[in-house]
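Peer 1: pasting a predicted model and its sequence here:
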Amino acid sequence: MQTETDLVTGPAPHWHEGVSIIDAMQDVLLALIPITITGILIFGTGALLVIITCVTGAVLGEIVARRFKGEQTNLGDGTAVVTGLLLALTLPPTAWWAVVPLYTLGGFLSVAIFREAMGGLGRNRFNPALMGRVFLLFGRTTLVYLAPYLIDFNPAFTPWLEELEVVDVMAKATPLLRVVEGMELPSYSTLLAIYEGGSPAETSALAVILGIIYLIYRGRISWRIPITTVTGVFLLSLFLGQDPLFQVLSGGLLFGVGFMATDWVTRPVTDTGKIIYGLGIAVLVVFFRQFIAELWIGYGGVAFSILIMNGFVRYIDKLTARRVYGQKK
Amino acid sequence: MAEKTFRGGIHLPYFKDLSSGKEIERVPVPEEIIIPLKQSIGAACEPTVKPGEKVEAGDIVGDSEEFVSAPLHTGLPGVVKAIEPRITGTGSKIKSVIIKVDKNFSAAKPDKARNAEEVSKEEIIKAVRKAGIVGMGGAAFPTPVKLTPPDDKKVDTVIINGCECEPFLTCDYRVMLEKPKELLQGSKFLMQTMEADKCFIAIEENKMKAVNNLRKYNTFSNIDVLALPSIYPQGSEKQLIQAILDREVPEGGLPFDVGVLVQNVGTTVAIYDAVIYDKPLTERVVTVTGPNINKPANLLTWIGSPVKNLLEKCGGIKNKPARVVMGGPMTGTALSELDAPIVKSSLGLVVMTVEDSSLDVDDFRPCVRCERCIKACPIGLYPNYLSMAMEENNVVEAEKWDAMSCIECGICSYVCMSKRPIVYLIKKAKEKIQENKSD
């Protein structure tokens, strides 16, 4: 007779491949290394400070939100760190006045509110890092507008306001803004290699492309979304009489389609769905850039395009589900 | 020939080397054998013997009038000790005939042998029915039912399934090495019965020795021995038909709907024995293997032998606690008691360590939609959406995502980055959908 404690039971399968989320997150972090390095090279320690604050905020966000929800934290899976880093790379590095309180809050809210409160890991419908970015951009603008009133109450805000104005100039000095303001355009090679403006995500198209290729090679993301979006933006820009290559290389487009639009949780899982989603983003990006440029540039046309398409993902999946074995062709 | 394949699937580590070199040997005669009265799909059998009654080897101990059923025989002589519910490999108790084995017996030699050339189609079906043969590859579908499809279904191709795509198992491999003539003649009988003009013996290319052995003995021009890529679940009936013939069994249909009969290697040899020697299905080859058993082996085992007898014969479990899986690690069931008997469809016992076994049905992580299950699913399902629906007990949603088409191969859970018990949740969905249908 055997004692029952000698046997372990449970449903099939009785073993596991052993690949876990952290393996994929490691790949994402690796893919982000070139962008992080160029960011730090161009913006100096400011960029590093942005990264540290955003990641800290994101990690705190998971700890606080999970405690509040009574769930276990799982920082080891690396998802909070990745969200924090993605957010950091889309933000303009500026003086610590703005960075430390504001960007920590951004990282915190990205995970605590935009992920954990909006369904939790895997169930949030909108990209948390992009939500954090949009929050910060609006938040900062609001602060700038509110500042005169605040200063009336508290003179301590004055230096901050001055910093914020500097911040805004830096944030807006993207190549796309130069188009709007009739400034001289940077060359393709500058855009590809090192363009000093905006955020780390916008500085070197080459570094971004390198990261995207690595993720596709590792099978972590599908080629479908980046390729359709880029092709879509290229062709639509051409059609509208703009410089298509410039449109593709400038701004946050490449980073957005490679690292944000491919976020597992908020992109379609069907093959056809990815194409539709990618084209949708392309149309929105071109639309924003073409028709309401002043309003959107510097405020994340790509971010908004992706977030809008995020909202349709579950419907796209249902409509484009593949044929199951044995069903009619 | 172009490489034949099906959709999805993955390469698994096979671990066949543990037992593939071990010749088939007999398991020691057990003290008692336990014959569960339900060992196949379809109707359960009623006992045809009473406690205290003496039985001879080959006697029927259970039978049913139903068409979808198979009679049960004892492989050993003895006295019926009891008819009572006993624990089985399914984890639940099933009414069983328990026979106290008379160990002083001499193995009966088959007294007659039919001539393979002179057997008629009707005689084959009758012999298979009488022998109680069911699918020995795991499904346990009564074979005579498969051999007598409705009149409007014409079967043109017989596929003998020697893929053995589950890791660790080598029982079919050993049969292909040790009984090639029987297997080939059995295949011929199946072609004759189905009036099929083509037969494929399908083997994964990680078993080239078996492929070459069968090719060496094959004298039939219309039997082809195929070497297929080793992709799990190649040995699943639907995938095999798709890979070889590029035909798809319609949703809710059976292989004969697309003109195919698929039989497992072990079953085919059992059919040969039944037709030639009138031998009932009372024994089968069981692979005892895994990282946590001392001496892996391929054992010729009487149906009804307790699992613990086989484990003892193999030197016992190395480290306890252990996970003893009846069947393969992808689709088998973990035993809760080692008194459970070997049944007609028991392919093997894979003894694993606790570390190997990792799924937890109560505590698993959220789906992050990484798509690994979607890419691997051989049916083309969206296991991610299915498991998310069942997390919320949303059976309607699960049905919309085609839960009923799942073949339960276990690939989705195997690759899941969050170690979610996806296939377990889908099985739950299927049960509930069927309950709702019958209400």
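Peer 2: Good, I have the coordinates.
Peer 1: quick one, what contacts the residue located most distally from the centre of chain B?
Peer 2: Using C-alpha atoms, centre = their mean, the residue of chain B lying farthest from its centre is residue B:368. It sits 34.0 Å away. By C-beta atoms under 8 Å, 6 or more residues apart in numbering or on different chains, residue B:368 lies in contact with A:21, A:79, A:121-122, A:264-265, B:417-418. C-beta coordinates here come from the backbone N, C-alpha and C atoms, glycine included.
Peer 1: who wins for neighbours among these?
Peer 2: Across those, neighbour numbers were computed from other C-beta atoms under 10 Å in any protein chain shown; residue A:79 holds the maximum, 26 neighbours.
Peer 1: contacting residues around the residue lying closest to the residue farthest from the centre of chain B once chain neighbours are set aside?
Peer 2: Residue nearest to residue B:368 in three dimensions, not counting chain neighbours: residue A:122, with 4.8 Å by C-beta to C-beta, 6 or more residues apart in numbering or on different chains. Counting by C-beta under 8 Å, 6+ apart, residue A:122 makes contact with A:265, B:366-369, B:418.
Peer 1: so can I have JSON lines of the residues you listed showing distance to residue B:155 and pLDDT?
Peer 2: JSON lines is the format used below for these (distance: C-beta to C-beta, whole Å; pLDDT from 0 to 100):
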{"residue": "A:265", "distance to residue B:155": "47", "pLDDT": "96"}
{"residue": "B:366", "distance to residue B:155": "46", "pLDDT": "91"}
{"residue": "B:367", "distance to residue B:155": "41", "pLDDT": "94"}
{"residue": "B:368", "distance to residue B:155": "45", "pLDDT": "94"}
{"residue": "B:369", "distance to residue B:155": "42", "pLDDT": "95"}
{"residue": "B:418", "distance to residue B:155": "43", "pLDDT": "91"}
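Peer 1: can you redo the contacts of residue B:368 as a markdown table with secondary structure and distance to residue B:373?
Peer 2: Formatted as a markdown table, the contacts of residue B:368 follow (DSSP: H, G, I helix; E, B strand; the rest coil; distance: C-beta to C-beta, whole Å):
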| residue | secondary structure | distance to residue B:373 |
| --- | --- | --- |
| A:21 | helix | 14 |
| A:79 | helix | 18 |
| A:121 | coil | 17 |
| A:122 | coil | 13 |
| A:264 | helix | 12 |
| A:265 | helix | 15 |
| B:417 | coil | 9 |
| B:418 | coil | 10 |
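Peer 1: kindly reformat those as CSV containing distance to residue B:117.
Peer 2: Formatted as CSV, the contacts of residue B:368 follow (distance: C-beta to C-beta, whole Å):
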residue, distance to residue B:117
A:21, 62
A:79, 68
A:121, 67
A:122, 64
A:264, 62
A:265, 65
B:417, 57
B:418, 59
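Peer 1: what about the strands in the stretch 51-200 of chain B?
Peer 2: If DSSP state E, counting those that start in this stretch is used as the criterion, the strands of the stretch 51-200 of chain B fall at B:54-55, B:60-63, B:72-73, B:78-87, B:93-101, B:157-162, B:198-204.
Peer 1: partner strands of the third one and their direction?
Peer 2: To tie it back to what came earlier, the one meant is strand B:72-73. strand B:60-63 (antiparallel) (DSSP bridges).
Peer 1: residues in contact with the partner strand: which ones?
Peer 2: With C-beta under 8 Å, 6+ apart, strand B:60-63 has contacts from B:35, B:37, B:45-49, B:55, B:69, B:71-74, B:80, B:97, B:99, B:132, B:280.
Peer 1: ditto for stretch B:219-226
Peer 2: B:4, B:184, B:187-188, B:191, B:197-203, B:211, B:214-215, B:218, B:244.
Peer 1: ok, now with 6 Å
Peer 2: Contacts to stretch B:219-226, defined as C-beta atoms under 6 Å, 6 or more residues apart in numbering or on different chains, come from residues B:187, B:198-202, B:211, B:214-215.
Peer 1: run the chain-centre distance for that stretch.
Peer 2: Remark: stretch B:219-226 is offset 24 Å from the chain centroid, using C-alpha atoms, centre = their mean, to the nearest Å.
Peer 1: for stretch B:150-160, same thing?
Peer 2: Distance of stretch B:150-160 from its chain centroid, counting by C-alpha atoms, centre = their mean, is 21 Å.
Peer 1: do stretch B:428-438 as well
Peer 2: With C-alpha atoms, centre = their mean, you get 24 Å for stretch B:428-438.
Peer 1: could you do stretch A:301-312 as well?
Peer 2: 11 Å.
Peer 1: which residues of chain A lie near chain B?
Peer 2: A:2, A:6, A:8-17, A:19-21, A:121-122, A:264-265, A:269, A:322, A:324-327 (C-beta under 6 Å from any C-beta of the partner chain).
Peer 1: make a PyMOL selection of the buried ones in those residues.
Peer 2: The PyMOL command for the buried members of the residues of chain A next to chain B (criterion: 16 or more other C-beta atoms under 10 Å in any protein chain shown) is given here:
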select buried, chain A and resi 2+8+9+10+11+12+13+14+15+16+17+20+21+121+122+264+265+269+322+324+325+326
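Peer 1: so where do the helices sit in chain B?
Peer 2: Taking DSSP state H as the test, the helices found in chain B are B:17-20, B:121-130, B:143-147, B:171-178, B:180-194, B:208-217, B:237-245, B:265-277, B:307-313, B:372-376, B:383-391, B:395-400, B:411-415, B:422-438.
Peer 1: tell me which of these sits most buried.
Peer 2: Comparing the helices of chain B by mean neighbour count (mean count of other C-beta atoms under 10 Å in any protein chain shown), helix B:411-415 ranks first with a mean of 27.
Peer 1: fine by me, thanks again.
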